[in-house]
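S.K.: Here's my sequence, what's the structure:
(one chain, ligands or ions: 1)
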Amino acid sequence: MDTLIKNITIITMNRDQKVIQSGYLGVENGKISTIGDGEASIEIEEGAKQVINGKGKWALPGLINTHGHIGMGLLRGHADDLPLHRWLEEKMWPFEGQLDREAVFAARQLAMVEMVKSGTTTFLEMYHLWMDDLAEEVERNGMKAVLMRSMIGLCSEEEQKAKLQEAVAFAKAWNRQANGRIQTMMAPHAPYTCPPAFIERITEAAREENLGLHMHIAETKKEVEDHVNLYGMHPLNHLKELGVFENTHWLLAHCVHIGEEQIELLKSYPIHVSHNPMSNLKLGSGIAPVGEMLAKGINVALGTDSVASNNHLDLIEEMRFAALLQKGRNLDPTVLPAEEALMMATRNGALALGLDGEVGTLQKGAEADVILVKANEAHLQPWSHPFSHAVYALKGADVTDVFVQGVQLMENRQLKTLDEEKIVAEANKHYERMLTLL
Ligand SMILES: [Zn+2]
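M.R.: Residues are numbered from 1 along each chain as shown. Take a look at the predicted model:
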């Protein structure tokens, strides 16, 4: 056995949502080889190359961020509190227009530091710039990622074709690489930035390569109203009419402005949803009907979106907001209980991304994506309510250790594969440099 973690509370997130109050968890060849109550046997302990005493800590599955654009990592705080169109046209797009390879790399390094330090082991990146650089870096630093070259179709047909070729080439080159830590998808940006025929072509390419698809949809009220004015129907109904949902794995980000009819539609395929509560709030987009979607059995996972609209990548915060917002929205405290919110950040995320290997759970045979949190802090007492505390009281900074496929990426809050001090300095250097170019 490679690693044994003993004397630890284990929140398994398996089907019966079992919590082991004091037990042990062993890792071998990247997978959980043993998990149990009480003390590990002498043979197990003596056979382990590394033994970690988890006293005072909990183990949870690594958190899974199902929507983001970490290439925009230098835009945190660059512009806040503006109407969406002014925010985009006056602040975001001019800055993004100046981004070069080094700046995007620095932005992503910063984001990965933040994610690992707050317990995220798997993330989705939907972006159009230097995706190969990111894939190489993920291969090196040990995280898990679902990567895609995002496409905007407001351009000539030749340009659309070139973008699609690039996206397919990237997806084929990197799918299931890095010992399966990297998977790829196809990503039309949104129905308001991609003409229907382009979305159809992208879907066809995804089917040919057996890849899932990811897209923003129904994020703002205006987007839906414009679509109804242009095509006579809600964008989700329109995509259904086009047949793009047939025989594909879709993960749709946002789904804020949907009604009962669209919820039925999502359920009938089934389509997975990435809920991004804080981004939706900060941009004044609204609150997605997550309680209603979950009640229908739709798989809803969590995403942060980019730090330009959040402004952080801490999924623990996101989970808490998701739970609280649904209670407030429905005037009903029973909607989205703690266990379900934690499920959204773990197992639902793995299903949404189409990950194999029982990712998002801690059970024998599952890939060993594990985080440890320091549970003896005052804000997590009395100690006997781990589900409640994980959602309503935990902080990203409580995460002490992070493992992906059994490899330790953080030990006692020290990152082992990312040079935090250097990365923070580089990010600031590149941000200052970008400002001089605007
Ligand atoms: Zn987004």
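
S.K.: I'd assumed residue 118 was in contact with residue 315.
M.R.: Yes. Between residue 315 and residue 118 there is a contact at 6.7 Å, judged by C-beta atoms under 8 Å. The C-beta positions use only the backbone N, C-alpha and C, and glycine is treated the same way.

S.K.: which residues do those two both contact?
M.R.: Common neighbours of residue 315 and residue 118, using C-beta atoms under 8 Å, 6 or more residues apart in numbering, are 63, 396.

S.K.: and the gap between the nearest residue to residue 282 once chain neighbours are set aside and residue 353?
M.R.: In space, and not counting its chain neighbours, residue 282 is closest to residue 309: 5.5 Å by C-beta to C-beta, 6 or more residues apart in numbering. Distance of residue 309 to residue 353, given as C-beta to C-beta, to the nearest Å: 21 Å.

S.K.: Looking at these two, which one has more neighbours?
M.R.: Comparing residue 309 with residue 353 by other C-beta atoms under 10 Å, the one with more neighbours is residue 353, at 27 against 24.

S.K.: can you list the domains in the protein?
M.R.: Split into domains by automatic domain parsing, the chain comes to 3-61+361-415, 63-353.

S.K.: so what's the most centrally placed residue in the chain up against?
M.R.: Residue closest to the mean C-alpha point of the chain, counted by C-alpha atoms, centre = their mean, is residue 65 at 1.3 Å. By C-beta under 8 Å, 6+ apart, residue 65 lies in contact with 115, 120, 122, 123, 124, 302, 303, 304, 313, 315, 349.

S.K.: partner residues bridging it?
M.R.: Residue 65 has the following beta-bridge partners by DSSP bridges: residue 123.

S.K.: Show the pLDDT at it.
M.R.: The model reports residue 65 with a pLDDT of 98.

S.K.: Check which residues of stretch 216-224 are buried.
M.R.: 216, 217, 218, 219, 220, 223, 224 (16 or more other C-beta atoms under 10 Å).

S.K.: Filter those residues down to just the ones in strands.
M.R.: Judged by DSSP state E, strands contain the following of the buried residues of stretch 216-224: 216, 217.

S.K.: Need the max-distance pair from the buried residues of stretch 216-224.
M.R.: Maximum pairwise distance among the buried residues of stretch 216-224 (C-beta to C-beta): 12.1 Å, between 216 and 224.

S.K.: For the lowest-mean-pLDDT helix or strand in the chain, what is the distance to the chain centroid?
M.R.: Using mean pLDDT, DSSP states H and E, the weakest-scoring helix or strand in the chain turns out to be helix 84-86, at a mean of 81. Computed by C-alpha atoms, centre = their mean, to the nearest Å, the separation of helix 84-86 from the middle of its chain amounts to 25 Å.

S.K.: Same check on stretch 149-167?
M.R.: The chain centre lies 25 Å from the centre of stretch 149-167; the measure is C-alpha atoms, centre = their mean.

S.K.: How about stretch 261-277?
M.R.: Averaging C-alpha coordinates over stretch 261-277 and over its chain gives two centres that are 17 Å apart (C-alpha atoms, centre = their mean).

S.K.: Equivalent analysis for stretch 201-220, please.
M.R.: 17 Å.

S.K.: Stretch 354-365 now?
M.R.: Taking C-alpha atoms, centre = their mean, one finds the center of stretch 354-365 at 16 Å from the center of the full chain.

S.K.: Quick check: buried residues in it?
M.R.: Buried residues in stretch 354-365, counted by 16+ other C-beta under 10 Å: 355, 357, 358, 359, 360, 361, 362, 363.

S.K.: Which of those residues scores worst on pLDDT?
M.R.: Lowest pLDDT within those is found at residue 357 (86).

S.K.: Over to the residue lying closest to it once chain neighbours are set aside: give its phi and psi.
M.R.: Take residue 357 and drop its neighbours on the chain: the residue closest to it by C-beta to C-beta, 6+ apart is residue 367, 4.1 Å away. Main-chain dihedrals, residue 367, degrees, to the nearest 10: phi -60, psi 140.

S.K.: circling back to that earlier point, okay, and which of the contacts of residue 65 map to strands?
M.R.: Short answer: these in strands (DSSP E) are 120, 122, 123, 124, 302.

S.K.: so which of these is the most crowded?
M.R.: When those are compared by neighbour count (other C-beta under 10 Å), residue 120 ends up highest, at 31 neighbours.

S.K.: any idea how far that one is from residue 311?
M.R.: 16 Å.

S.K.: One more: residue 337?
M.R.: 28 Å.

S.K.: Cross the buried residues of stretch 354-365 against strands and list the overlap.
M.R.: Judged by DSSP E, the buried residues of stretch 354-365 include no members of strands.
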